[in-house]
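Q: the sequence and its predicted three-dimensional model are supplied below.
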Amino acid sequence: MTEQKFLPFALPDIGEDEINEVVDALRSGWVTTGPKTKQFEADFAAFIGDGVEAIAVNSATAGLHLALEAVGVKEGDEVIVPSYTFTATAEVVRYLGAHPVIVDVDPVTFNIRPQAIRAAITAKTRAIMPVHFAGLACDMDAIIAIAHEHGLKIVEDAAHAMPTYYKGKLIGTLDSDVTVFSFYANKTMTTGEGGMVVSKNKDIIARCKVMRLHGISRDAFDRYTSKTPAWYYEVVAPGYKYNMPDTAAAMGIHQLKKINAFLAKREALAARFDRELADLPLILPARPQDAGSTHAWHLYPVRLKPEAGISRDDFIARMAELGIGCSVHFIPLHRQPVWRDGYSLKRESFPVADAAFEAEVTLPLYTRMTDDDQSRVIAAVREVLGK
């Protein structure tokens, strides 16, 4: 009997178009930030639409850092973030000497709760960072209303939300200050490592562009490709090294062209999981409840009900024995030593995020998944749960 391959929880979907574009970048002699990055930025801004501008960076973490700096977060400020997120959401706040104020999430969506945001606002609060968990948008109307009421900035962590619509508007076009997308290897589209900062605010974009590359007043690409002497530049701020190279952007150009097809495949996979897992002792992922809202299906997170009769850890171990890779999203911030100990966080202060973590399993969902692959996942889930 032939042993079946192990199915990971995520795989990138890279084709010949991406490979050929990367090779073209390598052969061009321009492999750092240059013409392909500029093309990717222009294409991405056009895709998002509504007059946004886009700045490519080497990670979404870098993008969040740039965004917070650009909206004026500084030492001693507070930024409200959800506990149910990856550590990058909070760590970028500390990069600026500010403090993440970590709050609980909604029990259905795992997204930040507007009521929790309102309760956490102090005189030091400068910004709110909603995270669109798994690809489902937060309650942005409520969050925007709170921000306007209190004069706060909104930096959307849209690492999971490419593309996600909220009440008919694409994430990246809402009435927030800046939105940051991720192109990490397991995201809905990838550049290997990379991210994009998107905003309608020209001052934010200008600041991010300067701070992205050492605080230099002119892009290296503009200087090096000028037909006349253009060696002079000025360092106007102590910036960072966050630029995206052309070799990464080359992948992004073609991944972006495929994003709608990728989304259709993810939607089909999620719909089949919904149908074929509906009778099991699982809480299936939340779906959009508002007209005109969609889900990007970056993740397919389920929760084990008590009657499943198996712990989350044992479930994942048994799935691995059956050749199926699963993950957990997320180990909440309030359980991570750096945030737990640094801010004296207690589990009882985050009952929703804590309970979600205890029961959550992320099943494999990626565009290279075949019908047979998905059948194997479903069969394994049923076997582990004795169904």
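A: Yep, it's here.
Q: state the three-state secondary structure for residue 197.
A: strand (DSSP: H, G, I helix; E, B strand; the rest coil).
Q: neighbours of it, how many?
A: By other Cβ atoms under 10 Å, 30 other residues sit near residue 197. C-beta: built from backbone N, CA, C; applies to glycine.
Q: contacts only, for it.
A: 54-55, 57, 63, 66-67, 178-180, 205, 208 (Cβ atoms under 8 Å, 6 or more residues apart in numbering).
Q: cool, and residue 375?
A: Shown in contact with residue 375 (Cβ under 8 Å, 6+ apart): no residues.
Q: any idea which element it lies in?
A: Per DSSP states H and E: residue 375 is located in helix 371-384.
Q: can you give me how far that helix is from the chain middle?
A: 27 Å (Cα atoms, centre = their mean, to the nearest Å).
Q: name the nearest of the contacts of residue 197 relative to residue 48.
A: When these are compared for distance to residue 48 (Cβ to Cβ), residue 54 wins out at 7.0 Å.
Q: in the stretch 1-150 of the chain, which spans are helices?
A: For the stretch 1-150 of the chain, the helices defined by DSSP state H, counting those that start in this stretch cover 16-28, 35-48, 60-70, 88-95, 114-120, 140-150.
Q: to residue 245, which of the ones you listed lies closest?
A: Once the helices of the stretch 1-150 of the chain are compared by Cβ to Cβ, helix 35-48 is nearest, at 7.2 Å.
Q: buried residues, the closest one. List them.
A: Using 16 or more other Cβ atoms under 10 Å as the burial criterion, the residues of helix 35-48 that qualify are 36-41, 43-45, 47-48.
Q: what does stretch 160-178 give?
A: Buried residues in stretch 160-178 (16+ other Cβ under 10 Å): 160-166, 169-174, 176-178.
Q: and the helices of the stretch 1-150 of the chain: which comes nearest residue 352?
A: Comparison of those against residue 352 by Cβ to Cβ identifies helix 114-120 as nearest, at 9.3 Å.
Q: hey, where'd the strands end up in this protein?
A: Along the chain, the segments classed as strands by DSSP state E run 53-57, 78-82, 99-103, 125-128, 153-158, 165-166, 169-170, 178-182, 195-199, 282-283, 300-304, 360-363.
Q: residue 289 is nearest to which of the ones you listed?
A: strand 165-166 (11.2 Å).
Q: the closest one pairs with which strands, parallel or anti?
A: strand 169-170 (antiparallel) (DSSP bridges).
Q: other residues contacting the strand it pairs with?
A: 48-50, 163-164, 292.
Q: columns pLDDT and distance to residue 93 on top of the buried residues of helix 35-48, output as CSV?
A: Listed next are the buried residues of helix 35-48 as CSV, based on pLDDT from 0 to 100; distance: Cβ to Cβ, whole Å:
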residue, pLDDT, distance to residue 93
36, 97, 32
37, 97, 27
38, 97, 30
39, 98, 32
40, 98, 28
41, 98, 26
43, 98, 30
44, 99, 25
45, 98, 26
47, 98, 29
48, 98, 25
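Q: about what we covered before: mean confidence score for the helix holding residue 375?
A: The pLDDT scores in helix 371-384 average 98.
Q: which ones are touching residue 120?
A: 80, 101, 103.
Q: and it, what pLDDT?
A: 98.
Q: try residue 322
A: Model confidence at residue 322 (pLDDT) stands at 98.
Q: what's the closest non-adjacent residue to it?
A: residue 380 (4.3 Å; Cβ to Cβ, 6 or more residues apart in numbering).
Q: so how far is residue 271 from that neighbour?
A: 19 Å (Cβ to Cβ, to the nearest Å).
Q: residue 61 now?
A: From residue 61 to residue 271 the distance is 32 Å (Cβ to Cβ).
Q: tell me which of the two has more neighbours.
A: Ranked by neighbour count (other Cβ under 10 Å), residue 61 and residue 271 place residue 61 first, with 24 against 12.
Q: give me every residue that touches the more buried one.
A: Counted by Cβ under 8 Å, 6+ apart, residue 61 has contacts 88, 91-92, 195.
Q: pick out the most distant pair among those.
A: 91 and 195 (14.6 Å).
Q: which strand residues bridge the closest residue to residue 176 other than its chain neighbours?
A: Spatial nearest neighbour of residue 176, excluding adjacent residues (Cβ to Cβ, 6+ apart): residue 154 at 3.7 Å. Residue 154 has these beta-bridge partners by DSSP bridges: residue 128.
Q: cool, thanks, talk later.
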